[in-house]
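Asks: Please find the sequence and the predicted model below.
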Amino acid sequence: MKKILAYIFVISFSCLFLTNFANSQSRFGELTEMRDKKMRGKNGQWVRPHPGPFVWNHIESEKGKFFWEDVDKYVVYAQEQNQTILATIWPHTNWDQKSCKRKKARSPFGKHFTKYLSKPCSMEDYKTFLIKLVDRYDGDGSNDMPGLTKPIIYWDVMNEPEFDMFFKGSEEDFVEIFNFSSKVIKEQQPDAVIVMAGAAGMFPENKKYWKSALPKIKDHFDIANIHHISGPDGQCDKELWVDEFADLLKSVDVDKPIWLTEAMTCGPPIKAYVNAFLNGAELIIDVGVNAPGKKMSKKSRKKLNEFITEYDGFTSIKSISKEEVEFTYKDGSTKNLILN
């Protein structure tokens, strides 16, 4: 059953920063798109390019020919702005999928995206791509992108696989790709952090899918990952699904930190963010000012940006009362926020 804010203040607890944030002390980020100047993220925060350039079809559109220019642009820009990249890997390329006559799919990303979204025909060819991708951005000094100063450590393997528009395959196919990808990445980059493919909310169909899939992949990811996108009816979850996702993880014996890597709000955003943090989210990535769907008002966006500027970098958060929360920082200092 959903926790409501009235109960939260009774239980004064902290959400500790459990994961390695050596590359970024920020608790916030944005989905980014380099072609849109308003969607390039903020200095010193997290960025999740979406769909991003880490698409097998974009990088190796012909077998054995690798094109890195678009990926490099994202990485160079992130370095210059001191941003930390969460890279979403899309394991599809047209030439591979045609080789075993996969059926075409229709993604929401338009004609420039891959035309196929099924399991790779050749996992060995996919492995070759993965190794080259990680090798170029792992920062180990061998085969790195020229000028690489801030390696990519965080890899988000696939996106909302329970939806056909993002993955055209069975749950078993997803599990195979995910676990395979995680093993290859960890072998190539032992300090890599693997982020679970984001769950598309906690509607009944999502819960059913992930209750089955999570036990099969739980040994192959480091960070649990939830998305909150308001539906066509415009409704929002007060805790941005974090509370119900935490309950689901517990029910299948998964004890992992929780990131909210797509956050769309349709009510007061600060209260929603605070509720998500209180319920266990460690990181919240906003969908961005020009993302499809319901838009945040300019007034709300301004207030959210002011909140992030004032309170970012906290190490823990706890509820003082129904109307007040306290943020604690690395140096032991605290800041209080009155919710209104």
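Replies: Arrived safely, thanks for sending.
Asks: Residue nearest the middle of the chain, spatially speaking?
Replies: For the chain, T261 is the residue whose C-alpha lies nearest the centre (CA atoms, centre = their mean; 3.6 Å).
Asks: Now for that one: which residues touch it?
Replies: Residues near T261 by CB atoms under 8 Å, 6 or more residues apart in numbering: R48, L86, D156, V195, G198, N225, I226, H227, L283, I285. To be clear about C-beta, it is placed using only N, CA and C from the backbone, and glycine gets the same treatment.
Asks: Could you check how far the fourth one is from N225?
Replies: Between V195 and N225 the computed distance is 5 Å (CB to CB, to the nearest Å).
Asks: again, but for the last one
Replies: With distances defined as CB to CB, the gap from I285 to N225 amounts to 10 Å.
Asks: Mind listing the shared neighbours of those two?
Replies: W259, L260, T261.
Asks: Doesn't the first one belong to a strand?
Replies: In other words, W259. Yes - when DSSP: H, G, I helix; E, B strand; the rest coil is applied, W259 is found to be in a strand.
Asks: let's number from 25 now, not from 1
Replies: New numbering, starting at 25: the last item is W283.
Asks: Can you classify the residue nearest to it when sequence neighbours are not counted by secondary structure?
Replies: Nearest residue to W283, sequence neighbours excluded (CB to CB, 6 or more residues apart in numbering): L307, at 4.4 Å. Three-state call for L307 (three-state DSSP): strand.
Asks: likewise L172?
Replies: Per three-state DSSP, L172 ends up coil.
Asks: burial count for it?
Replies: Residues near L172, counting by other CB atoms under 10 Å, number 18.
Asks: Who are the contact partners of it?
Replies: V99, Q103, Y161, G163.
Asks: Tell me which of those fall in helices.
Replies: V99, Q103, Y161 (DSSP state H).
Asks: Show the contacting residues for the first one.
Replies: Under the criterion of CB under 8 Å, 6+ apart, the contact partners of V99 comprise I109, Y161, M169, L172, K174, I176.
Asks: which ones are touching the second one?
Replies: Spelled out, that is Y161. Y161 makes contacts with V95, V99, A111, D168, M169, L172, P175, I176, as judged by CB under 8 Å, 6+ apart.
Asks: For it, give its distance to G171.
Replies: The gap separating Y161 from G171 is 12 Å, by CB to CB.
Asks: picking up where we left off before, make TSV out of the contacts of Y161 and add pLDDT and distance to N67.
Replies: TSV is the format used below for these (pLDDT from 0 to 100; distance: CB to CB, whole Å):
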residue	pLDDT	distance to N67
V95	98	21
V99	98	16
A111	98	19
D168	98	23
M169	98	21
L172	98	19
P175	98	19
I176	98	18
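Asks: Of these, which pair is most distant in space?
Replies: For those, the farthest-apart pair by CB to CB is A111 and D168; their separation is 14.9 Å.
Asks: And those two? Which one has more around it.
Replies: Taking other CB under 10 Å, A111 and D168 do not tie; A111 has more neighbours (23 against 15).
Asks: Across the sheet, point out what pairs with the more buried one.
Replies: W179 (DSSP bridges).
Asks: residue contacts, it?
Replies: P73, G76, F78, Y161, I176, Y178, W179, D180.
Asks: related to what we said a few turns ago, I'd like to know which of the contacts of L172 is nearest to G356.
Replies: Checking these against G356 with CB to CB, the nearest one is Q103 at 31.5 Å.
Asks: give me the number of residues near that closest one?
Replies: By other CB under 10 Å, neighbour count at Q103 equals 16.
Asks: List the residues that contact it.
Replies: Per CB under 8 Å, 6+ apart, neighbours of Q103: G171, L172, T173, K174.
Asks: Among those residues, which one sits closest to Q121?
Replies: Nearest to Q121 among the contacts of Q103, with distances taken as CB to CB, is L172, at 30.4 Å.
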